[in-house]
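> Curious how this folds, go ahead:
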Amino acid sequence: MRQLKVILSIFFTAAAKECHPMDAEHPKPLDYMNCHRECNALTEWCVPNNSSSTGWACDKRHHRGESQPGQHCVPGGGAVFCSNCIAGYFCQNDGADGWQCDVLQNESVIV
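Prediction:
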């Protein structure tokens, strides 16, 4: 019985529905709040997934406050306003450290 659970777990993990993040270059109206993209709007978010050919797949829905500043976070749909960070923080891809809760940064700002 345990082997069956493991096999089913692997099957359902590998068979996650692929989705596409928001196109940051050409956002459509309401894209910034569309965390689910092609996933089930009530129960799922479109999240980064290395095993997906698009790099994104449907996974469980997340909520604000699950991650604290500096911690790993989940960006929903690639939209900055869809994250599980606390209020005032946003899930951003900080490069080598991956997705982390941080204050909103603008890459075009030159200091």
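> got a list of what G70 touches?
100-102 (Cβ atoms under 8 Å, 6 or more residues apart in numbering). C-beta here means a position set from N, CA and C on the backbone, and glycine is covered the same way.
> Repeat that for C101.
67-71, 73, 83, 85-86, 89-91.
> one step back: quick one: the contacts of G70 as JSON lines, columns for distance to C39, secondary structure and pLDDT too.
Shown next, in JSON lines, are the contacts of G70 (distance: Cβ to Cβ, whole Å; DSSP: H, G, I helix; E, B strand; the rest coil; pLDDT from 0 to 100):
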{"residue": "Q100", "distance to C39": "23", "secondary structure": "strand", "pLDDT": "92"}
{"residue": "C101", "distance to C39": "22", "secondary structure": "strand", "pLDDT": "92"}
{"residue": "D102", "distance to C39": "25", "secondary structure": "strand", "pLDDT": "89"}
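> If we ignore the residues flanking it in sequence, what's nearest V47?
Excluding its sequence neighbours, the residue lying closest to V47 (Cβ to Cβ, 6 or more residues apart in numbering) is D59, at 4.6 Å.
> The helix or strand containing that neighbour: which residues count as buried?
If you go by DSSP states H and E, D59 is part of strand 56-60. By 16 or more other Cβ atoms under 10 Å, the buried positions in strand 56-60 come out as 56-59.
> between those, which is nearest H20?
W56 (6.3 Å; Cβ to Cβ).
> Go ahead and confirm the closest one touches C46.
Yes. Between W56 and C46 there is a contact at 5.2 Å, judged by Cβ atoms under 8 Å.
> Give me the common contacts of these two.
19-21, 37, 78.
> Tell me the first helix or strand C-terminal of the helix or strand bottoming out on mean pLDDT in the chain.
The helix or strand of the chain with the lowest confidence, counting by mean pLDDT, DSSP states H and E, is helix 2-14 at a mean of 49. Downstream of helix 2-14, the next assigned helix or strand under DSSP H and E is strand 44-48.
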